[in-house]
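A.B. asks: sequence? don't have it. structure:
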C-alpha cells in the first residue's frame, strides 16, 4: 500500500468526529478534485479528463482526540458523603441518581435521594413523595424504561435483609410499591440486578445474621409483577450482571470463601421460561406475597416482615446452558486481588477499571476490556493515561449508550482547611470518554458482529447482515446489464500499484507538483448507485451537487488500492466492516479505510475501524496499523500498536508489513524504543528475568525501563516460550 505523505496526515477541528463539518466545499470550473491520500496536498494529480482530485477540508490543527486524558471536575451543591453500598445510577438527560447508603463515620443508614446534574456538576437533595422506602444499603437501583428506578432489597439499620420492590418515577420524584405476586425471593444485600426483556433478574448476594452467600437466581416479570421460581446459579456477592448476546453474564465479586473471583459465568437465556410458574412445592416453602403498606409523606421503616426466609430445600439448577471460564493468569488479565476495581458492561465488552488506593499507585492501575466473543482480555489504557495522583474514587457508572463512564470520588488534598476537606465527600467527578479507547457504544455493538479472527474462520466468512443492509449488499458491484440499476463507476489504483514515493529515500517535494501518468494501471470498474453514494458519503454529495466533472462523466477515480476502495464502498452499502471472504477480509484494508475515514470526515467509520484494528492487532499487521494510526492522529491506537511492536520486536521486524514502511516511518518506529533500551539475544532473556522469576519480583525496575518492560508484559500472551525468534528488546 502506498505511503501517505506527512502533510496529508494533518487534521483539522472540522474533521474531528466531535465537531460538525463547517467548511464550505470549494468550487472549480470545468473540473473537480477528490482527496488523494497518496500525495502531498500541494500536488496536483492529473488524470484523463474524466477524473480529477480535490484536496480535503482545510487543516488548521490536530484532531481534538490527540493525547486524550480524562479531566477531573469539582462538583458543587449538596455534595454527599462517601457513603458505603449506596446505589449510583446514570439516568437520562445527563443525570446521576444516588440513593441510600451507609456513613462509615456516623454509622447512619440513609434513604436520601440525591441527583448530580452532569451539565452543571451540581448535587441536589431531591424532594421525593409517595411510598418513600425505608433506609437501606447494599440494594440495587436499576433504570427501567428510561424514567424509572426499580429498587430491590438491601439491608436496613436493624441488619434486616429486605426483599421489597419500590419504584421511583424520576420525572415526578414519586415512589410507588407495585402489588407483587408469586414466591418472593429471599431478602438480600450486595446482590446483582439487571433488566432484560421486561424481566428484573436478581442474582446472589448475602443474607442472614451470618451473611450467608446466596447462589440463587430469580426474576420479576415487570408486566405482571410476578416473581418466578428460584434456581441455583453460582454463589457470590458484590458482583455485576449484564445481558449480552442472549446470555446472562456475571463477573467479579467474592465467593463463599470470601475471596475475589477470577471466573466469568454465563447462562443461555433461551432456556428461561416466559414465566416460571410457581409449583405447589414453591408455595409451601415461600411466604405469601407481601409488601409494606404505603405511608405517603413519611419514611416507611422496613422491618423483618419484608424479609422472606425460604426453607433449606435444594433448588433446581437454572434452565439453559450454564458455562464458566476462569482466568488464572495472563499479562492482560486484571490483577483482581489488589486495588479498587470497578466493572461495567459497555459496547459488547466487559470493562475492568483498577483505580488508585492506599496500596496501589497510579502506574499500577489500568483500564482493561474482555471481548465477550473471544473471551480475551486486552489493556485499553494505563493508569497514568487516566488518573492523576491525589484522588480516590468510590463509585462508577456508565451511560445507557455505553460511550461514557463517570467516576465519583474525593480529593486527598491534606492542605485543605480543617473541617472543609473533600476527603470524605463525593466532590470530584472524572468523566471517561470510552469512544476514545475504541469502544463502539451499545447501539453499534448490538448490530455489529464480532470482528475477531475467530468469526472470519467460519464458513460464511461474514457477520450476519439484516434489514436494508442485506438487501443492498446483493446489489453491490453488479453491472447494469444484470438488472442491478447501477448508474455510476468508481475505479481505484490496482493493488499492485506502488507510489513512487514509497521506494525512494527522499519524499516528493511538497512545492513541486506530482503528476500521475495517464498510463498508470487502474482497477476494474466498481459498479455503484449514485443515490446510495449521495446519501451515505457526504463528500460525494458535496461533489455531485456542485456538478463537477464526475457528475457529467458518471465515473470517478479514487487513488487508493482497489481492495481498500471496494471495502469502503461496501461499507456505504451495508453500514458494516465485518469480515467478509470477498470484502474487507484483510485487516490491512481496514487500516486503509481508517485513512479514508479520516480524509472524508466520517466519524462512525473511523470508530468502527479503530475498534476492529485494536481487536485484531497481531505480529503481521502491527507495523502497518501503527503507521496508519500515525497518519490519522489516532494517538491511542498508535500507542497500542507501538507497545505491541516493542513487545514482539523480534518477529515484527521480519514481517512484510514492517519491511513495507518508508524509511522515515522505520526510523520513527525505532525511536519509540526507550533511550536506555538495548537488544539482547532471545535465550538471554530468561537469564535477566524477563520470562523467569526476576520479572514481577519486588525489585523496582529502572524508570527508563519501566514503560518498555510493561509493554512486554502486556503482550506476553502472544509469545510462546518455545517460539522466541531472534532478538527482543528489554
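C.D. replies: That came through, no problem. Predicted, not measured: the structure shown is a model, and the values here were computed from it. Residues are numbered from 1 along each chain as shown.
A.B. asks: What are the buried residues along stretch 380-397?
C.D. replies: By 16 or more other Cβ atoms under 10 Å, the buried positions in stretch 380-397 come out as 380-383, 385-387, 391-397. Every residue, glycine included, has its C-beta placed from N, CA and C.
A.B. asks: got it, and stretch 654-672?
C.D. replies: 655, 657, 658, 660, 661, 662, 665, 666, 668, 669, 672.
A.B. asks: Spit out the contact partners of the last one.
C.D. replies: So the one you mean is residue 672. Counting by Cβ atoms under 8 Å, 6 or more residues apart in numbering, residue 672 touches 642, 645, 646.
A.B. asks: try 6 Å
C.D. replies: Residue 672 sits next to residue 642 when contact means Cβ atoms under 6 Å, 6 or more residues apart in numbering.
A.B. asks: for it, helix, strand, or coil?
C.D. replies: At residue 672, secondary structure determined by DSSP: H, G, I helix; E, B strand; the rest coil is coil.
A.B. asks: Tell me if residue 669 really is in a helix.
C.D. replies: Yes. Counting by three-state DSSP, residue 669 is located in a helix.
A.B. asks: From residue 643, how far off is it?
C.D. replies: Distance, residue 669 to residue 643, by Cβ to Cβ, to the nearest Å: 12 Å.
A.B. asks: Which segments of this structure make up each domain?
C.D. replies: 1-39+48-67+467-616, 128-326, 618-730 (automatic domain parsing).
A.B. asks: Residue 268 and residue 114: what is the separation?
C.D. replies: For residue 268, the distance to residue 114 equals 38 Å [Cβ to Cβ].
A.B. asks: These two: who's more crowded?
C.D. replies: Neighbour count, other Cβ atoms under 10 Å: between residue 268 and residue 114, residue 114 has more, with 22 against 16.
A.B. asks: Kindly state the beta-bridge partners for that one.
C.D. replies: Bridge pairing for residue 114 (DSSP bridges) gives the partners residue 98, residue 125.
A.B. asks: Quick check, it in contact with residue 96.
C.D. replies: No. In this structure, residue 114 is not within contact of residue 96 by Cβ atoms under 6 Å, at 8.7 Å.
A.B. asks: Pull the contacting residues for residue 95.
C.D. replies: 115, 117.
A.B. asks: With residue 141 as the reference, measure out to it.
C.D. replies: Going from residue 95 to residue 141 by Cβ to Cβ gives 13 Å.
A.B. asks: ok, now residue 182?
C.D. replies: For residue 182, the distance to residue 141 - Cβ to Cβ - is 22 Å.
A.B. asks: try residue 612
C.D. replies: Relative to residue 141, and taking Cβ to Cβ, residue 612 is found at 35 Å.
A.B. asks: Then residue 680?
C.D. replies: Separation of residue 680 from residue 141 (Cβ to Cβ): 55 Å.
A.B. asks: Settle it for me: which of these two has more neighbours?
C.D. replies: The neighbour comparison of residue 680 against residue 141 (other Cβ under 10 Å) goes to residue 141, with 23 against 14.
A.B. asks: Could you verify that that one is part of a strand?
C.D. replies: Yes. Assigned with three-state DSSP, residue 141 falls within a strand.
A.B. asks: List the residues that contact it.
C.D. replies: Taking Cβ under 6 Å, 6+ apart, we find residue 141 in contact with 87, 89, 99, 149, 151.
A.B. asks: Columns pLDDT on top of these, output as CSV?
C.D. replies: Below are those laid out as CSV (pLDDT from 0 to 100):
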residue, pLDDT
87, 96
89, 96
99, 97
149, 97
151, 98
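A.B. asks: Thanks a lot, see you next time.
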